[in-house]
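Colleague: Just the structure for this:
(chains A, B and C)
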Amino acid sequence: MKAKNNSTQVKIPENEAIPFDLYYITSTKKKEIPREDFKLEMDRYYGKGMIMDFYKDNSNMFYEE
Amino acid sequence: MPLIFSQEIDFPTNRVFDWLSFYDADYNKYTGLNLKDDFTFDDKKITISLGGIDKKNSIKVKDKNLNHIDLFPVWFRRPNKVSIPFTGDFKYESTYPKNLFSYAIKQRNTIFWDYLGNKLESNNHLGSFKTISLNKPIVLELAQKFGLTIPSTLITNSKDDLNLFFENNNHRIITKSIEEIIIDHKHYLNDEEYLHFYQITNLLESLDNTPSKFAPSLFQEYIDKKYEIRTVFFNNEFYSASVFTQINEDTKIDMRNRKANHFTRYMPYKLDSEIEAGILKLMNHLELNFGVIDFIKSIDNEYYFLEINPVGQYGDVSLYCNYGIHKKIAEYLIKNESKK
Amino acid sequence: MKNKEDHFILFSTCIPVKGYVSSLIMDLDKGEYLEIPNELYDILVTDHFKYTIEEVKSLFNNDYDEGINQYFQYLVNNHYGFYTSNPSPFQKLPLHFDSPHKVISSIVVINKDSKYDLTNVFQQLDALDCQLLQIRIYDKIEVARVIETLKVLSKSSIRIIELYLPAFLKLSHEVLKNILVDFPRILITVYGAEKSKKVSVLKNSSRIIKYTNQKLLYSSKEVYSKNLFTVSREMFLESVNYNAGLYRKVCIDHEGSIKNYVSHETAYGNIKDNLIADIIQKEEFKEKYYLKNDLIEKCKDCQFRYMCLSNSDIEKKGKNYYKINTCTYNPYKNTWEPSVNI
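Modeller: Numbering: from 1, shown residues only, chains lettered A, B, ... in the order given. You can find the predicted model right below:
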């Protein structure tokens, strides 16, 4: 079976109890992007919300160097 | 006060809460997992009274009277199938097996969650407590009955029949889960790297090296797409987007197979009226007033219905097409508050 | 690929914007823009849903046939648009901007004379669902006291808290690091430092402490530069409808005055006497929300007007609006004058 870039197909034994699609579970090696610390408990949401991402800045006071 | 059944983290739920707050509406969220929820019980006192000659029915949680709960609009965004009400541990000594006993407890305790969920389905509501996933073959058959075109589909456990289907479909078929796709899993190799286990739709261009024995499984003809269409059906309105999955090699067969830093083009779209009529009939039949529906527009200009997800993600369609669905959901919930 | 009867359709997230001498296509998905000549802009904004490519060519007297062929093909190859024989199901992007946040951004100034109740200000901003908060600290004040008051925001839905601290406070890495650890929403900039640098103090985190040798004065003007442009869906929609700098922004200066922006002259109330929620309801406070770049002299002729953030006050001379602090870009010549560092 095909193995694209760093993905591999998970090896599943052949058995009449296992549906065909389950022979196509893929596993890919990925690098963790630390995002968990951007999810915080927030009262408004009774759960977690995202911080640190917004579509615009507040003000531009300094030239980017 | 709108009640929202959702998961611990679901960003569309948060966006709707933003709008409910904007309109100064109170709301409550139930995950079934949080012991602070009104509807999970740990050490909380819960009493339901029913029947008798005087038919004085009542629900009390922690002495909080929930009799007027039937006035609250409910959004079954992503309701949990079960609640986890009990944390208590106990010593068990009996020859009746412990696992069977534990199973019996779990089944009984889930009834309360189920009772409330089902009861709340008779309130003004969006989404469904009962129907959070659908039986694919049934939905495909119904879609066809209501005038939608579906891809040529085979469900079989016979390799011979699969071979024949493969021959009849130009040696290009796809294999797809007959149910939901598997639950993603991250297997950590170290602090920074992990193996991500997931499932996407696969194109089969050869049946060599494929299993000869398998349980009944779903196969469909491979359809050459112009683009995909994702329609958010909500309160009898259609919010559709054409999704240009064919631009990137990765997303040609399954749009979920998108690399993290890649984007997909979405464009606001209007389905043909007869297709919308078909969906309307189908959703009515399934008693659903919310669902995310996927179509393919083929290179020969046919619309193929693929599936309905009653708890599907609609955030992408809303954002990319600026449909403002979060706001509309919040307004729907506020408007559907029943008066005493 | 292309047929005789085809239309050329730009993706709805690829937006042509006309400038006085040069135009561009904003790509809201990629967060980039592509510079194009004004002639192409005119061609791109003809009604492609109505006219086929051949018809568009004739609308331009067939003067640009070859150019149209080449540009459209370039745009298709680079996924800005596509050819289709049936454009009717495709719809235009609705251009309204709806925000659920009663306050989108806020700047709070604190100096040694500030006497207002900071905790109360933060609680009010939180109740109004403020998303971006900037705290500018001047003078030798006790920063620990300010930090302490931020604890009321620990479970708020605020996204980013920018803390601007003067270098003369001489706060150690350790102190600043502890602030970052205790307050996940805080980003720190130390201004007036000897050297500009970025210091990473947390493991596995993109959050850094920024040191800049630039100064921050009460009179400091905002800076404008190509590097500071924001190409995003929401920024575009907000700028098309409102002044993206001032829309639902409320600022508190060091005296507690409530303003559209800290350096503006007009105060609409004082935090000691008024509730922020009441002030932002006043029509005169909201007036500048609507003075978008399309209505302002020079900005209205600039192709960057939907990606450029400016908090400048706006003055009216005769029937026209002008920004008081404007940029060094000249849209009539398509040149940037040398920028003057403050």
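Colleague: Next, count neighbours for residue 51.
Modeller: As the question left the chain open, I've gone with chain A. 21 (other CB atoms under 10 Å in any protein chain shown). C-betas here are computed from N, CA, C, even on glycine.
Colleague: wait, I meant chain C there
Modeller: C:Tyr51 has 16 nearby residues by other CB under 10 Å.
Colleague: Single out the residue in chain A that lies closest to chain C.
Modeller: A:Tyr55 (3.8 Å; CB to the nearest CB).
Colleague: mind listing what the nearest residue to that residue once chain neighbours are set aside touches?
Modeller: Leaving out its chain neighbours, the residue that sits closest to A:Tyr55 by CB to CB, 6 or more residues apart in numbering or on different chains is C:Glu234, at 3.8 Å. C:Glu234 makes contacts with A:Tyr55, A:Lys56, C:Phe97, as judged by CB atoms under 8 Å, 6 or more residues apart in numbering or on different chains.
Colleague: quick one on the thing from earlier: please verify my assumption that the residue of chain A closest to chain C contacts C:Phe236.
Modeller: No: A:Tyr55 is beyond contact range of C:Phe236, at 9.2 Å (criterion: CB atoms under 8 Å).
Colleague: In the chain, where is pLDDT below threshold?
Modeller: Looking at chain A here, since you left the chain open. A:1-6, A:34, A:65 (pLDDT under 70).
Colleague: ah, no, chain C please
Modeller: C:1, C:339-342.
Colleague: Repeat that for the stretch 1-150 of chain B.
Modeller: B:35-36, B:39-44, B:63, B:84-88.
Colleague: Tell me how many other residues surround the closest residue to chain C within it.
Modeller: Residue nearest to chain C within the stretch 1-150 of chain B: B:Asp18 (3.8 Å; CB to the nearest CB). Neighbour count of B:Asp18, defined by other CB under 10 Å: 21.
Colleague: same question, the one 3 residues further on
Modeller: Using other CB under 10 Å, B:Ser21 has 21 other residues around it.
Colleague: so which strand or helix has it?
Modeller: Using DSSP states H and E, B:Ser21 maps to helix B:11-22.
Colleague: For the residue of chain A closest to chain C, which residues are in contact?
Modeller: Contacts of A:Tyr55 by CB under 8 Å, 6+ apart are C:Thr230, C:Ser232, C:Arg233, C:Glu234, C:Met235, C:Glu238.
Colleague: same deal with C:Ile36?
Modeller: C:Pro16, C:Ser22, C:Ser23, C:Leu24, C:Ile25, C:Leu44, C:Tyr71.
Colleague: Among those residues, which ones are in helices?
Modeller: Judged by DSSP state H, these include C:Leu44, C:Tyr71 as members of helices.
Colleague: Arrange the contacts of C:Ile36 in a markdown table, one row each, with neighbour count and distance to chain A as further columns.
Modeller: Converted to a markdown table, those look like this (neighbours: other CB atoms under 10 Å in any protein chain shown; distance: CB to the nearest CB, whole Å):
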| residue | neighbour count | distance to chain A |
| --- | --- | --- |
| C:Pro16 | 19 | 21 |
| C:Ser22 | 16 | 23 |
| C:Ser23 | 22 | 23 |
| C:Leu24 | 21 | 19 |
| C:Ile25 | 23 | 19 |
| C:Leu44 | 23 | 25 |
| C:Tyr71 | 20 | 30 |
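Colleague: For the contacts of C:Ile36, which two are the farthest from each other?
Modeller: C:Ser22 and C:Tyr71 (15.0 Å; CB to CB).
Colleague: Please name the nearest non-neighbouring residue to the residue in the stretch 101-250 of chain B positioned nearest to chain C.
Modeller: Residue nearest to chain C within the stretch 101-250 of chain B (CB to the nearest CB): B:Ile247, separated by 5.4 Å. Residue nearest to B:Ile247 in three dimensions, not counting chain neighbours: C:His79, with 5.4 Å by CB to CB, 6+ apart.
Colleague: Make sure that neighbour is indeed in a strand.
Modeller: No: when classified by DSSP: H, G, I helix; E, B strand; the rest coil, C:His79 is found to be coil rather than part of a strand.
Colleague: Tell me how many other residues crowd it.
Modeller: With other CB under 10 Å as criterion, C:His79 counts 17.
Colleague: Kindly report the same for A:Asp21.
Modeller: A:Asp21 has 24 nearby residues by other CB under 10 Å.
Colleague: Good, wrapping up.
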